[in-house]
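>>> Okay, structure incoming, though there's no sequence with it:
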């Protein structure tokens, strides 16, 4: 069982707090646990990536994890990242994960310093993304419904990693 | 002149260092873009006007932060590269040699577009940064 998963289970399955904020946290934790339980049926690199996510969640779940007042990593964001990883098309290289100071989670496809595609997953279904391709850069927003990767994001990732054949990791 | 003895204006040719507290903020290729994103409360990204001097920066870290969190690395970037993407670096002492990367886009009506624009800038800055492991 993942360490981070174990850490968040108590938040999901017990508690008597009645404030709306506490209920939101419990709902988010439940979503994470539910996703984690479903992820147990995943194998290989996706399962490894989800395991890394829980470790990162545990590492960055406290306020000020960066020494500069960063917000704690969001449980809702973590649950969304699991959903995102699960629906990534087979054959597409998997991203690396990183914490962001507003509680969101960054998914990065890094081919080189000048070829990068990065998505932020936070508590909103609207995903912010940006890319760098040589001297060109850009950004956008796309809605993720939990069932399929938005086409614009998928095309952007493929464009960046298309010359990465030797490094492509098959899920 | 600032109390630290540094000039008020941060020169284009200076290098500034940003603390990295998670090994997930970098990989073998580069400092990841998220390492340069601004704090949502302060609306800036904290740096120190200290070049590649790990021991001095480690001491600054110990003096300016609480808890037992360990410093994992440094992201060092030339000021001119930050200004090239229309961001600014302004001195902000105390603590000595502290400065902030300012000028990030804030769009209250559309937080996700705001974040996308910030990521675009952070990615460009990160692509010019040097990683120093501690």
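Cool, the structure landed. All values derive from a computational prediction rather than experimental measurement.
>>> Now residue B:40: closest residue in space, sequence neighbours ignored.
residue A:102 (4.4 Å; C-beta to C-beta, 6 or more residues apart in numbering or on different chains). No exception for glycine: its C-beta is placed from N, CA and C like everyone else's.
>>> residue ranges of the helices in chain A, please?
For chain A, applying DSSP state H gives helices covering A:3-13, A:20-39, A:44-59, A:75-86, A:151-161.
>>> Contacts only, for the residue nearest to residue B:40.
Residues in contact with residue A:102 (C-beta atoms under 8 Å, 6 or more residues apart in numbering or on different chains) are A:70-71, A:122, B:37, B:39-40, B:115.
>>> Quick one: list the elements packing against the worst-scoring helix or strand of chain B on mean pLDDT.
Lowest by mean pLDDT, DSSP states H and E among the helices and strands of chain B is helix B:54-64, with a mean of 91. Contacts defined by 3 or more C-beta pairs under 8 Å, 6 or more residues apart in numbering or on different chains; DSSP states H and E place helix B:54-64 against strand B:15-20.
>>> So what touches the helix or strand just after the strand it packs on?
Per DSSP states H and E, the first helix or strand lying C-terminal to strand B:15-20 is strand B:45-48. Residues outside strand B:45-48 that contact it (C-beta under 8 Å, 6+ apart): A:68, B:16-19, B:36-39, B:57, B:60, B:89, B:97-101, B:104.
>>> In chain B, spot the helix with the most residues.
If you go by DSSP H, chain B has its longest helix at helix B:111-126.
>>> quick one on the thing from earlier: how near is the residue nearest to residue B:40 to residue B:97?
In this view, residue A:102 and residue B:97 are 26 Å apart by C-beta to C-beta, to the nearest Å.
>>> Spell out which parts of chain B neighbour chain A.
Where chain B comes near chain A, counting by C-beta under 8 Å from any C-beta of the partner chain, the residues are B:19, B:21-22, B:24-25, B:27, B:29-30, B:32-35, B:37-42, B:46, B:61, B:64-65, B:67, B:69, B:110-117, B:119-120, B:122-124, B:126-127.
>>> Cool, thanks, signing off.
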